[in-house]
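Enquirer: Structure for the following, please:
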Amino acid sequence: MMTVLKTAILLLMLCCAVQLSTSAGPLADDLAKSVCCFSVNNVKIPKKKLESYRWTSSSCPLRHIVFETVKKRQFCMNPENSWAKLNKNHIDKKRASKSSK
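Expert: Predicted structure coming up:
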């Protein structure tokens, strides 16, 4: 009787471990990709050096734009900053022209 109980508990623990690992997969990916900005940069990066941008995670206390340069350096910017708006639009246009080709 004790062996059956141990086997049942072991099987239940194995099922729980499998469930947790499959449900935590996407969550772990989201956490790895999420970046929060706690300060912003006011440096003006030349357009030719900018490669991409993304928004900070919705779980962050502040929503900012993270610009990435061709050398993979990242800069947090306030989305209300006029420079950030212009360069976000510039990158959007570059993406649109690449996708239409």
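
Enquirer: Just the element for R54, please.
Expert: strand 50-55 (DSSP states H and E).

Enquirer: Report all helices and strands that that strand contacts.
Expert: Applying 3 or more C-beta pairs under 8 Å, 6 or more residues apart in numbering; DSSP states H and E, we find strand 50-55 packed against strand 65-69, helix 82-99. C-beta here means a position set from N, CA and C on the backbone, and glycine is covered the same way.

Enquirer: Below-threshold pLDDT in the chain: ranges please.
Expert: Residues of the chain that meet the criterion pLDDT under 70 lie in 1-2, 4-34, 101.

Enquirer: mind redoing it with 80?
Expert: Judged by pLDDT under 80, the chain has its weakly predicted residues at 1-35, 100-101.

Enquirer: Identify the structural domains in it and state their residue ranges.
Expert: As given by automatic domain parsing, the domain ranges for the chain are 1-33, 34-101.

Enquirer: returning to that earlier point: among the helices and strands packed on strand 50-55, which is nearest R54?
Expert: Minimum separation from R54 across the helices and strands packed on strand 50-55 (C-beta to C-beta) falls at strand 65-69, 5.4 Å.

Enquirer: List the strands paired with the next helix or strand along the chain from that closest one, with their directions.
Expert: Next helix or strand after strand 65-69 toward the C-terminus (DSSP H and E): strand 74-77. Strand 74-77 has the following strand partners under DSSP bridges: strand 65-69 (antiparallel).

Enquirer: so the strand holding R54 versus helix 82-99, what angle?
Expert: Per axes from the mean of the first three to the mean of the last three C-alpha atoms, to 10 degrees, the angle that strand 50-55 makes with helix 82-99 is 110 degrees.

Enquirer: Buried residues, strand 50-55. List them.
Expert: Buried residues in strand 50-55, counted by 16 or more other C-beta atoms under 10 Å: 50, 53.

Enquirer: Need the contact partners of it.
Expert: Counting by C-beta atoms under 8 Å, 6 or more residues apart in numbering, strand 50-55 makes contact with 35, 63-70, 87-88, 90-91, all of which sit outside it.

Enquirer: Fine by me, thanks again.
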